[in-house]
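Visitor: model this:
(one chain, ligands or ions: 1)
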Amino acid sequence: MTMTTTALRVTNDHDQAVELRYNGEAITFAGEGAAAMPTRDRNCMIMLPNATKPSAVSPIDNHHVLHVSAKANTLFLNALCKREGKKRTGLQLVKLRYILSSEQSAEADRFCEVVMAGVYKGLVQRKRLKVLINPAGGQGRARTIFDEQVRPIFNAAQCTVDVQCTEYQNHALEIAKQLDITAYDCLVTVSGDGIIHEALNGFLLREDALEALQKVPLGVIPAGTGNALSICMLGEKAGFDPVQTALQIIKGKPMALDLCSVTYADKRYYSFLSHNYGMTAYADLATEPLRWMGDARTVLGLVKEIMARSTYPMEAHLDVVETDKQKIKASYKAARAAAANSSSAETSPDAAAEPCTLEHTLPALDTPTPESWTVVRDDVAFFLTSKVPWLARGMLSHPCALPNDGLLDLLLVRGNPSIGKQLDVFGKVEKGEHLDSSIVEYYKVKSFRLRPIQTKKKAYVAIDGEHAPAETFQVETHPRLARVLCVNDTYVDTCPK
Ligand SMILES: Nc1ncnc2c1ncn2[C@@H]1O[C@H](COP(=O)(O)OP(=O)(O)OP(=O)(O)O)[C@@H](O)[C@H]1O
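Guide: Got it, this is the predicted structure:
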């Protein structure tokens, strides 16, 4: 269906006429004064409509228009536009100002209304954001990243921004637990995956946990060392970009996320990323004193483990759904296509889905698992389940993971394969090509129980990248329990051929 074009004639301050045209998909500029010379301020490029050079910003598509309004004879148009210049990439905040005549007020209001309805179709305008910044996250740059790159974009979109810095470990959990869920449209984390883990667990400690998780989606600004969720939503480059991720919060739709309950003998909490045992857990946790090395520390840890031919004994009980790699790849492709179809339909993709519940269905930890479950009793190089395809930049460990299929992807390497074969697997993990290796098993599982078997060598368990006891625990997936603002229908396409 083609939409009629709405137009508004304005003038720049050189008295040149400019016609703004909106066709339902983009704003374009025409007329004598359409050209504009960019002038920069500290945080944004302000296009002053009084110069003569042609503007490179037109057309501005719906996705990139943040706000348009008319007030006291001025039309304000805020957008994110491609940066100009050879070395520049990415998006930059642009603010345009035009002059309206006094008779134009009603016409300008109508124009703004049409544009705002179009560029925010199906979305919440002027979101009320609760922003949690971890000043200790990443290299301690979260506050600066937010103030310099993110806040100006939220302001330009006329969002209400309520900022709070986390002051100690689990502070984000406390804040989410107490949050007034009627006051906010989104809980934004400015840090790494650790703060997201805390916020989700805070929501889950509430009496109204389900309502809170559904009503207040997460928004993710990557400012930590590990930003797995952000990478999975936007890719390795844009997922690390504060501007692209700020736009995602403004223009994203809530995407359902499965969560997992993790049960130990004495506690239960929730995870959203991974459950890790063996050399991959060692590489993550035992190398923490080498943080100064950056990402290289985990590579070093893995190489050390492979060279030492380390194995870790364990007993795993698995509620297996699929073990055939080709079938898993085929259903991954089908699920991606289905997500795209349902999001292009008029009804929201969530409408067709089963309502989520918080019910725990697994047998107690000290009772046997169902007979239908598969038992793996073996020495393993590692046992790594994940809800996300990328666990870190350059680590596409679970290329068939989906945000809301109700399943975990298990990556398993048993026994003690040759050093060459193991190095080959880790060499290929960057692009997810390790899946086809003969030593890699890749399953879809619904739930599992893992019993690490103690030996003289210290064993590590990492849950969502954090230390967890190397004791028996079980994990159950809870489909579609949380929501996160995402500009795509599902995670970016990661499945190899
Ligand atoms: N003010 C604070 N001072 C110290 N630690 C904090 C503070 N606020 C939050 N934290 C803790 O910082 C930890 C790391 O947070 P997060 O994972 O989000 O960032 P990160 O840079 O990716 O960290 P890491 O590399 O440790 O995973 C969390 O355990 C959180 O509880």
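Visitor: who in the protein is up against the ligand?
Guide: Within reach of the ligand by Cβ under 6 Å from any ligand atom, the chain has these residues: 134-138, 166-171, 191-195, 198, 224-226, 465. Quick note: C-beta positions are derived from backbone N, CA and C, even for glycine.
Visitor: weed out the non-buried ones from those residues.
Guide: 134-138, 166, 171, 191-195, 198, 224-226, 465 (16 or more other Cβ atoms under 10 Å).
Visitor: so in the protein, which helix runs the longest?
Guide: Longest helix of the chain, by residue count under DSSP state H: helix 325-344.
Visitor: ok, then the element right after that helix?
Guide: strand 374-386 (DSSP states H and E).
Visitor: in its sheet, what does the helix or strand following that next one sit against?
Guide: Along the chain past strand 374-386, the next helix or strand (assigned with DSSP H and E) turns out to be strand 408-414. With DSSP bridges as the test, strand 408-414 is paired with strand 374-386 (antiparallel), strand 441-452 (antiparallel).
Visitor: so how many other residues sit close to the residue in the stretch 301-450 of the chain that the ligand sits nearest to?
Guide: Nearest to the ligand in the stretch 301-450 of the chain, going by Cβ to the nearest ligand atom, is residue 392, at a distance of 9.9 Å. Residue 392: 18 surrounding residues under other Cβ atoms under 10 Å.
Visitor: is the closest residue to it other than its chain neighbours in a helix, a strand, or coil?
Guide: Leaving out its chain neighbours, the residue that sits closest to residue 392 by Cβ to Cβ, 6 or more residues apart in numbering is residue 226, at 5.7 Å. Counting by DSSP: H, G, I helix; E, B strand; the rest coil, the backbone at residue 226 sits in coil.
Visitor: below-threshold pLDDT in the chain: ranges please.
Guide: Applying pLDDT under 70 to the chain flags residues 1-3, 35-57, 84-89, 343-355.
Visitor: all helices of it, in order?
Guide: For the chain, helices defined by DSSP H occupy the ranges 105-119, 142-145, 151-156, 171-178, 193-204, 209-215, 228-234, 242-251, 279-285, 296-307, 325-344, 419-428.
Visitor: deepest-packed of those, please.
Guide: Compared across the helices of the chain, helix 228-234 shows the largest average neighbour count, a mean of 28 (mean count of other Cβ atoms under 10 Å).
Visitor: residue in the stretch 201-350 of the chain nearest to the ligand?
Guide: Counting by Cβ to the nearest ligand atom, the stretch 201-350 of the chain gets nearest the ligand through residue 224, at 2.6 Å.
Visitor: phi, psi of that residue?
Guide: Backbone torsions of residue 224, given as degrees, to the nearest 10, read phi -120, psi -170.
Visitor: could you find the closest non-adjacent residue to it?
Guide: Closest to residue 224 by Cβ to Cβ, 6+ apart is residue 192, at 1.8 Å.
Visitor: ok, now which ones touch that neighbour?
Guide: Residue 192 sits next to 134, 137-138, 222-227 when contact means Cβ atoms under 8 Å, 6 or more residues apart in numbering.
Visitor: could you rerun that using 6 Å?
Guide: 137, 224-227 (Cβ atoms under 6 Å, 6 or more residues apart in numbering).
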